[in-house]
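Peer 1: Everything below, folded, please.
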Amino acid sequence: MFAHSYIADRSLATAIYLALKQRKPLLLEGEPGVGKTEIAKVLSSLLNTRLLRLQCYEGIDISTAVYEWNYTRQMLHIRMLEGRGLNTQMETKEIFGPDFLMQRPLLQAIDPSNLTPPVLLIDELDRSDEEFEAYLLELLSDFQITIPEIGTIQAKEPPIVIITSNRTREIHDALRRRCLYYWIDFPSLEKEYQIVLARLPEAPEQLARQVCQFVHTLRSIELYKAPGVSETLDWLSSLLALKQSELVDETVRDTLGSLLKYQDDILKVGGVDLHKLLQKTRGI
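Peer 2: Got it, this is the predicted structure:
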C-alpha cells in the first residue's frame, strides 16, 4: 500500500488481506484522524473499483442509506396514463419497478449488475442509532436487501465492506460478530515520519522530523482532542505554504489552528512553555 501513500503495519495489512480473502466486512476503530477512512479510499484505488461512501449520522434512515422511490416521476407517469385513458389500476404496478427506484449507497453496493465488487465504506457507524445498525445485519450476513414492492435483491459478488467507528458509542455484538476487527492506534514517531514522507514528499526532512516530534509530544499532554495523522499532514501543509523549513515559535503559534481544533487545546498548548518545547523539538 506504500505505492498509494498509505503506511500499514503488518498486522493491519493481514487484517485487510483476510477481509478480502474471506469476503467479510472489516470493522476499524480508533481515534479520529488515524487513517481509518483512508483505507477504503486506498483499497478502491488499489483494486481499481468504485468507492461507495455512506456517511453515518444521528437519524440516518433507509431513504438516505438504501433506496427511495422517485415519487415525482411516479406521479407524472400516473397522470400520463390517465391522459391516455388507460386503466391506471392495472398499469401503475410498473411504477414500483427499477426505473423508478433511486439507489442509495447500500443498494448500489449489492446491485447484481455490478461488473466488479465495489468498496463500500460505512463511515462513523457509531454516529448512527441502534435501529439503523440492526438494519445492517441482513446486508452484512447475506449481502442482500429486501424491498417490499420488489422482493429480495442479492449481490452476485459481495462488496468489499469497510466500517469505521470513533467509538463514541459501543457497536452491538451482533454486528461485531459479522466482521473482522482491527484497532488503529496513533502511529509511532518513526511510522508517522514515514507517512509524512509518503504523503508530502516535498517537505524538507528537517521540518518533517520536527513536526512529527512536536505532534508526538503533544499527544502525551492531556488535550480535549489529541491531533491525529490527518492534522499532522494539515499542519505540515500549512507550514509549507508559509515556506517554512523549520519550526519557529511565532509561526507555530500562528498555525496551531491547523493542528488543534478546539480553543481550549490551543490556549493550553500556547500556555505551556512552548519555547522550551520547540527548542527540544529542534534539537532532534
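
Peer 1: just the helices in the stretch 101-250 of the chain please.
Peer 2: 105-109, 130-142, 173-176, 189-199, 205-218, 229-241, 249-259 (DSSP state H, counting those that start in this stretch).

Peer 1: export the third one as PDB, just CAs?
Peer 2: It stands for helix 173-176. C-alpha atoms of helix 173-176 as PDB (Å, rounded to 0.1, in the frame of the first residue of the first chain):
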ATOM      1  CA  ASP A 173     -22.100  -7.600  19.500                       C
ATOM      2  CA  ALA A 174     -24.400  -8.900  16.700                       C
ATOM      3  CA  LEU A 175     -22.800  -6.600  14.200                       C
ATOM      4  CA  ARG A 176     -19.200  -7.200  15.500                       C
END
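
Peer 1: contact partners of it?
Peer 2: With contacts defined as Cβ atoms under 8 Å, 6 or more residues apart in numbering, helix 173-176 is touched by Leu27, Glu133, Ala134, Leu136, Leu137, Leu140. To be clear about C-beta, it is placed using only N, CA and C from the backbone, and glycine gets the same treatment.

Peer 1: So what's the model's average confidence on it?
Peer 2: Computed over helix 173-176, the mean pLDDT rounds to 94.

Peer 1: Show me what counts as buried in that helix.
Peer 2: Leu175 (16 or more other Cβ atoms under 10 Å).

Peer 1: before we move on, back to that, top of the contacts of helix 173-176 by neighbour count?
Peer 2: Leu27 (25 neighbours; other Cβ atoms under 10 Å).

Peer 1: What's opposite Leu54 in the beta bridge?
Peer 2: Beta-bridge pairing of Leu54, defined through DSSP bridges, involves Ile122.

Peer 1: For it, give me its contacts.
Peer 2: Leu54 neighbours (Cβ under 8 Å, 6+ apart): Ala65, Arg104, Pro105, Leu106, Leu120, Leu121, Ile122, Asp123.

Peer 1: Let's see that with 7 Å instead.
Peer 2: Ala65, Pro105, Leu106, Leu121, Ile122, Asp123 (Cβ atoms under 7 Å, 6 or more residues apart in numbering).

Peer 1: Report pLDDT for Pro159.
Peer 2: 96.

Peer 1: Phi, psi for it please.
Peer 2: phi -70, psi 160 (degrees, to the nearest 10).

Peer 1: Same question for the one 10 residues further on.
Peer 2: With angles defined as degrees, to the nearest 10, Arg169 shows backbone torsions of phi -150, psi 160.

Peer 1: What number of residues are in the vicinity of it?
Peer 2: 14.

Peer 1: For the residue nearest to it when sequence neighbours are not counted, give me its contacts.
Peer 2: Closest residue to Arg169 apart from its sequence neighbours, by Cβ to Cβ, 6 or more residues apart in numbering: Asp126 at 5.0 Å. Residues near Asp126 by Cβ under 7 Å, 6+ apart: Ser165, Asn166, Arg167, Thr168, Arg169, Ile171.
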